[in-house]
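Asker: what's the 3D shape of this:
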Amino acid sequence: MPAPLFEFFEVVAEELSATTSKVITGEDLRIDDEDGPLLEALMCELKAANKEDAIRCAVQELKQHFEARGAKLPFEYAPQTGRFTATDFEFLSFVNEMRDIRSIGKRSRDFECTVAERLGLRTTGTIHRVGHPRDTRREKVDFNAYLQKLAEVTQLGPSEKKF
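Answerer: Take a look at the predicted model:
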């Protein structure tokens, strides 16, 4: 199960991939007449006094998380109204789409490939998809040997790489 903060981010992404702006309050995270497990977990994890405070703190934590990685939170939040507004609709839609396929065994390869391609747009260097060698190295011994070689190469300096 994802961490409450990550799960909250996915809920916001889901809501904002359907519409660019929406009010999301503690009431939206309720199940029947009781606070839902996500809201309770957020309140506990963030030591929030109430539902609205938990949402405000969650947004602040997410903002810090993105900023620490040189990125911008893909939505804005107005705590006075509880309104979330998408600022990167394409990214939020991507997160929502990946959320839907990541746990489906038959689609796990699609998830892995799509995420690797997306990361490739935002990073420098080389990205190695762990599932990729499984396409050609189906035997466990061959696959483990490939991973061992990859580990050895990534530990060498740029001028020392052997291929």
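Asker: so where is this protein shaky, pLDDT-wise?
Answerer: Under the criterion pLDDT under 70, the flagged ranges of the chain are 1-2, 30-36, 102-109, 120, 122-138, 150-163.
Asker: Please enumerate the strands of it.
Answerer: Taking DSSP state E as the criterion, the chain contains strands spanning 21-23, 30-31, 34-35, 75-78, 83-86.
Asker: okay if I get those strands as CSV plus mean neighbour count?
Answerer: Bear in mind the C-beta positions are built from the backbone N, C-alpha and C, glycine included. Shown next, in CSV, are the strands of the chain (neighbours: other CB atoms under 10 Å):
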stretch, mean neighbour count
strand 21-23, 14
strand 30-31, 12
strand 34-35, 13
strand 75-78, 18
strand 83-86, 18
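Asker: quick one, which of these is nearest to residue 11?
Answerer: Between residue 11 and the strands of the chain, the shortest separation by CB to CB is 10.0 Å, and it involves strand 83-86.
Asker: re earlier: please convert the strands of the chain to a markdown table, extending it with distance to residue 11.
Answerer: What follows is the strands of the chain, written out as a markdown table (distance: least, CB to CB, whole Å):
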| stretch | distance to residue 11 |
| --- | --- |
| strand 21-23 | 11 |
| strand 30-31 | 12 |
| strand 34-35 | 14 |
| strand 75-78 | 12 |
| strand 83-86 | 10 |
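Asker: So which bits of stretch 79-97 are buried?
Answerer: For stretch 79-97, the buried set under the neighbour-count rule, 16 or more other CB atoms under 10 Å, comprises 82, 84, 86, 91, 92, 93, 94, 95, 96.
Asker: what's the answer for stretch 61-72, then?
Answerer: Within stretch 61-72, the residues that count as buried by 16+ other CB under 10 Å are 61, 62.
Asker: okay, that stretch in CSV with CA atoms only?
Answerer: These are the backbone C-alpha positions of stretch 61-72, laid out as CSV (Å, rounded to 0.1, in the frame of the first residue of the first chain):
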residue,chain,number,x,y,z
GLU,A,61,4.9,18.4,2.2
LEU,A,62,4.3,17.6,-1.4
LYS,A,63,5.4,21.1,-2.4
GLN,A,64,8.7,20.6,-0.4
HIS,A,65,9.2,17.2,-2.0
PHE,A,66,8.9,18.5,-5.5
GLU,A,67,11.1,21.6,-4.8
ALA,A,68,13.8,19.4,-3.2
ARG,A,69,14.0,17.7,-6.6
GLY,A,70,14.1,20.9,-8.6
ALA,A,71,10.5,20.5,-9.8
LYS,A,72,7.3,22.4,-9.2
